[in-house]
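> here is my input; please provide its structure:
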Amino acid sequence: MYELTIKRSFVAKHGLRHYRGGTEPIHEHDWHVWITIAGNTLDQSGCLIDFADLNAWFEQSVAGWKDKVLNDVPPFDNDMSSPSAENVAKVIYDMLAGVVPKTTVLRQIEVEEEPGCRATYRGMS
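This next block holds a predicted model:
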C-alpha cells in the first residue's frame, strides 16, 4: 500500500469553550495540517493522487477559516462545539473524506496548533 502526506498551513484565532470554567481568551495560531492518503493503485504517471488536487481540496475546506476567529465560523459557531485541535482535525477529515477519489483512503488528519502540540484524527475504516 502506498501513502502520501502533504503539509499545509493556515492562520486563525480560537478560544476553547468550556475550558476551566469558561472560554479561553481568543488567541492566534499558525495551524499546520498533515493530510495522509493511502491506496494500492498508482495512475499512469506513477502517482497515487495529484498533490495539486489534494492541496486544492484542503484550501477549499479551510477557506472560510483563514484569518478568522474559529469560534465565529461554522461548525464552531455554537456553544456545543469547541475549536480544539482535535475538533479541527475531525472537521477537516470529514470535509476531505467526501472528495478524495474512491481509489484512495483518507488515512488521517494531523493538526498542530503550536510547535509540539498536535492532535490526530483517523477515520473508522
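> all contacts plus neighbour counts: C-alpha atoms, from now on.
Will do.
> ranges for the strands of the protein?
Shown for the chain, the strands assigned by DSSP state E span residues 2-14, 27-39, 105-114, 117-122.
> would you give the sheet partners of the second one, along with the direction of each?
The reference is to strand 27-39. Sheet partners assigned to strand 27-39 using DSSP bridges are listed as strand 2-14 (antiparallel), strand 105-114 (antiparallel).
> ok, which of those strands comes nearest residue 79?
In terms of Cα to Cα, the element of these nearest to residue 79 is strand 2-14, at 13.3 Å.
> wouldn't residue 23 be in contact with residue 16 here?
Yes. In this structure residue 23 lies within contact range of residue 16 using Cα atoms under 8 Å: 5.6 Å.
> how near is the residue lying farthest from the centre of the chain to residue 50?
Checked against the mean C-alpha position of the chain, the extreme residue using Cα atoms, centre = their mean is residue 44, at a distance of 28.7 Å. According to Cα to Cα, to the nearest Å, residue 44 stands 12 Å off from residue 50.
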